[in-house]
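Colleague: need a 3D model of the sequence below.
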Amino acid sequence: MKTSLTLALPPDFRGDDLLAFHRRDSQALAERVTAQCIDKGLLWQGRPAYLSLVLQSPGEAALGMTGKRQPKAAATSEGAGKAAAETAGPGARVTATLAVDGGPRPAAAAVQALVSHLLGLAQPVAEFATAHGRHPQLGPVIAQLPGLRVPQTATPFEALTWAVTGQQISVAAAVSLRRQLILAADLRHSSGLYCYPDAAALARLDETDLRQAGFSRSKAATLLDLARAVAAGELDLSCPAADLPGLQAALLARRGIGPWTVNYTLLRGFAWLDGSLHGDVAVRRALGLLLGRTVEARETEAWLESFRPWRALAAAHLWASLRLQA
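Modeller: Okay, the predicted model is just below:
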């Protein structure tokens, strides 16, 4: 069963950034990206599904594209797209189709909520630009990257497991591990796309499965602990924004979870834009380039303080500034 709908996009929407984020894995195991379309495998209420997103301008062309398949973006800390990615302009839209193997037809309101979340449509990018557009270091970056949003994962559990996977390794290594995790879970939609596992699916694996997939013993233990806790209802990832402080505390109490993992999870899974990502190596490198000197975590944390309540969005601009320097 499938549900289709079309949503209007804000004029400042950056289609290239969204496409680049989902183009991280060159083997296209669970996400296929072409010039204007993303097909993503996921689980919908426990059933294999694929979500198709087609970005279109008023003239039916893909956002910021020529209609031809684009080359794969070079991997940065966040898989960001081209520095000069064009914004959508008035009248742009996205057509979404969610196809589920078996079960009832997905509710249109639920599909709309998923799409809006994935694209970061509710993120206050205009307010951020107004507040910080004249910042001495970040202001020029904001001006060069209007409408910069943080693409979201399909679920908070995907964000959490992606954050754990990426702890203290390169993006390329994390993408490779993510691919092996998807293969280990072995969930596929009838279209052939693999589906990222939910907590119940991951909890069915054991440490040997994850070790064979390439995870360290500590990461395997952390992933299984989290999956089993979420599947059993012990750890609730469906909390509203008002309850995020409680979720932060609950996550920090789990083994193998530190502040960076929590803040990154809340950024990618809940669009919480005020986590301090001063522990991120790429954030510190980008700030050092803007300041013209090496900076450590403590100085980066202090520098980000002035961007409350959008410290993570400031960090996302720092990530993006690296490709402006390339």
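
Colleague: C-alpha only now, for contacts and for neighbours.
Modeller: Will do.

Colleague: quick check on Val54: phi, psi?
Modeller: phi -120, psi 120 (degrees, to the nearest 10).

Colleague: what sits against Val115?
Modeller: Residues in contact with Val115 (Cα atoms under 8 Å, 6 or more residues apart in numbering) are Ala96.

Colleague: and what of Arg105?
Modeller: Counted by Cα under 8 Å, 6+ apart, Arg105 has contacts 1-3.

Colleague: are any of these buried, and if so which?
Modeller: Buried members of the contacts of Arg105, counted by 16 or more other Cα atoms under 10 Å: 2-3.

Colleague: closest to Trp303 out of the contacts of Arg105?
Modeller: Among the contacts of Arg105, Thr3 lies closest to Trp303 (Cα to Cα), at 45.1 Å.

Colleague: and the helix or strand hosting that closest one, what does it pack onto?
Modeller: Per DSSP states H and E: Thr3 is located in strand 2-8. Under the contact definition 3 or more Cα pairs under 8 Å, 6 or more residues apart in numbering; DSSP states H and E, strand 2-8 sits against strand 93-100, helix 108-119.

Colleague: quick one: buried residues of the last one?
Modeller: Burial within helix 108-119, assessed by neighbour count using 16+ other Cα under 10 Å, is assigned to 111-112, 114-119.

Colleague: output the below-cut-off pLDDT ranges for the stretch 1-150 of the chain.
Modeller: 59-86, 88 (pLDDT under 70).

Colleague: surely Leu291 and Gln137 touch.
Modeller: Yes: between Leu291 and Gln137 there is a contact under Cα atoms under 8 Å: 7.4 Å.

Colleague: please enumerate the helices of this structure.
Modeller: Assigned by DSSP state H, the chain shows helices spanning 15-22, 108-119, 125-132, 139-144, 156-165, 171-185, 199-203, 207-212, 217-231, 244-252, 259-270, 281-291, 297-304, 311-325.

Colleague: quick one: which of those is nearest Asp39?
Modeller: Per Cα to Cα, nearest to Asp39 of these: helix 15-22, 9.1 Å.

Colleague: mind giving me the packing neighbours of the closest one?
Modeller: strand 31-33, strand 37-44.

Colleague: hmm, 7 Å instead?
Modeller: strand 31-33 (3 or more Cα pairs under 7 Å, 6 or more residues apart in numbering; DSSP states H and E).

Colleague: the strand it packs on pairs with which strands, and in what direction?
Modeller: The strands beside strand 31-33 in its sheet (DSSP bridges) come out as strand 37-44 (antiparallel).

Colleague: got a list of contacts for the strand it pairs with?
Modeller: Defining contact as Cα atoms under 7 Å, 6 or more residues apart in numbering, one finds that strand 37-44 is touched by 19, 30-33, 48-55, 100, 189, 193-198.

Colleague: ok, stretch 249-259 next?
Modeller: The contact list for stretch 249-259 (Cα under 7 Å, 6+ apart) reads 222, 262.

Colleague: list the buried residues in that stretch.
Modeller: Of the residues in stretch 249-259, those buried (16+ other Cα under 10 Å) are 251, 256-257, 259.

Colleague: a markdown table for these, including distance to Phe307?
Modeller: Shown next, in a markdown table, are these (distance: Cα to Cα, whole Å):
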| residue | distance to Phe307 |
| --- | --- |
| Leu251 | 24 |
| Gly256 | 28 |
| Ile257 | 25 |
| Pro259 | 18 |
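
Colleague: need the max-distance pair from those residues.
Modeller: Gly256 and Pro259 (10.4 Å).

Colleague: OK, contacts around Val33?
Modeller: 19, 22-23, 39.

Colleague: look up which residues are beta-bridged to it.
Modeller: Beta-bridge partners, per DSSP bridges, of Val33: Ile38.

Colleague: could we number from 48 for the rest of this?
Modeller: I'll keep to 48 as the first residue from here, and by that count the last item is Val80.

Colleague: from Asp63, how far out is it?
Modeller: 11 Å (Cα to Cα, to the nearest Å).

Colleague: same check on Gly305?
Modeller: Taken as Cα to Cα, the span from Gly305 to Asp63 is 31 Å.

Colleague: what does Leu166 give?
Modeller: From Leu166 to Asp63 the distance is 12 Å (Cα to Cα).

Colleague: again, but for Pro153
Modeller: Taken as Cα to Cα, the span from Pro153 to Asp63 is 28 Å.

Colleague: more crowded one of these two?
Modeller: Neighbours per residue, other Cα atoms under 10 Å: of Pro153 and Asp63, the larger number sits with Asp63, 26 against 18.

Colleague: how far away is the residue nearest to Pro58 when sequence neighbours are not counted from Pro57?
Modeller: Leaving aside its sequence neighbours, Pro58 sits nearest to Gly136 (Cα to Cα, 6 or more residues apart in numbering; 4.0 Å). Distance, Gly136 to Pro57, by Cα to Cα: 7 Å.
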